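**Q** Fold the stuff below for me.
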Amino acid sequence: MNDIILKYSYSPGFYGEFICKDLLISRTSETQLKFFWYFDLGYFPDNDEERRQQRRFTTVKDKLPEALQIILEKIQKSDIRVIVPIETKTDKVEYTTSVHASNEYYKLNIQNEEKHINIPYHFSDALIEGKDVELFFDFHTKLKAWIDEEFEIVSEGKAVKLNKGNNGSS
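**A** Residues are numbered from 1 along each chain as shown. I've put the predicted structure just below:
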């Protein structure tokens with residue numbers, strides 16, 4: 001996949017079987033959606049090789065739905081600006097707003113310039129400004145809904161696959 005115009009990443013941290021969701025969108029609206037799973041086999045292995053064997057990726061390659069393509073094209077031409085958070089430094093510690101350290105973010109091109117947008121828990125608190133901010137929030141909500149639909153499809157398939165494996169070993 002060439003000419004990436006948007007990267008989206010979300011991770012709740014090491015929580016259960018799901019670790020992160022990553023999405024790449026190319027200029028031709030091709031998508032690569034990757035889900036990163038962690039299978040807990042009842043213990044946490046004490047060496048890196050065993051931990052790596054428990055990790056699994058599911059990759060879905062598709063085309064971005066047309067409704068999302070239209071909104072994304074508008075965002076790329078928008079006036080959205082990223083507000084850089086103020087950092088407070090002492091001689092030992094550096095502080096930034098909680099919005100700065102986020103588990104959900106975008107890297108996208110807006111007016112041919114790469115922008116990094118961190119999404120806090122309340123995404124309306126995102127450090128962005130401009131008359132098209134609501135357009136971005138609309139896109140974010142619809143994109144997450146589409147990713148969640150894909151996630152449900154993949155999750156059900158994963159559950160079926162795991163259940164077959166468990167039945168075969170009993």
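
**Q** which residues in the chain form strands?
**A** For the chain, strands defined by DSSP state E occupy the ranges 4-10, 18-26, 30-38, 55-63, 81-82, 88-89, 94-95, 104-110, 113-118, 128-129.

**Q** Could you measure from R81 over to P65?
**A** 27 Å (CB to CB, to the nearest Å). All C-beta atoms are positioned from the backbone trio N, CA, C, and that covers glycine.

**Q** What of N109?
**A** Counting by CB to CB, the gap from N109 to P65 is 19 Å.

**Q** pLDDT below threshold where in the chain?
**A** Low-confidence segments of the chain, defined by pLDDT under 70: 1, 13-18, 38-55, 85-102, 121-126, 157-170.

**Q** Now tabulate the strands of the chain in TSV and tack on mean neighbour count and distance to H140.
**A** Listed next are the strands of the chain as TSV, based on neighbours: other CB atoms under 10 Å; distance: least, CB to CB, whole Å:
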stretch	mean neighbour count	distance to H140
strand 4-10	18	9
strand 18-26	19	12
strand 30-38	18	16
strand 55-63	12	19
strand 81-82	16	14
strand 88-89	10	28
strand 94-95	10	27
strand 104-110	19	8
strand 113-118	14	9
strand 128-129	16	10
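
**Q** Does R81 touch I128 like I think?
**A** Yes - judged on CB atoms under 8 Å, R81 makes contact with I128 at a distance of 6.7 Å.

**Q** if we can go back for a sec, I'd like the strands of the chain laid out as CSV, including distance to F151.
**A** Converted to CSV, these look like this (distance: least, CB to CB, whole Å):
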stretch, distance to F151
strand 4-10, 10
strand 18-26, 7
strand 30-38, 6
strand 55-63, 9
strand 81-82, 27
strand 88-89, 37
strand 94-95, 34
strand 104-110, 14
strand 113-118, 21
strand 128-129, 25
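
**Q** who wins for proximity to E73 among these?
**A** strand 4-10 (9.6 Å; CB to CB).

**Q** quick one: contacts of that closest one?
**A** With CB atoms under 8 Å, 6 or more residues apart in numbering as the contact definition, strand 4-10 has outside contacts at 20-27, 72, 76, 103-109, 143, 147.

**Q** what is the orientation angle of that strand with strand 30-38?
**A** If you take axes from the mean of the first three to the mean of the last three CA atoms, to 10 degrees, strand 4-10 sits at 20 degrees to strand 30-38.
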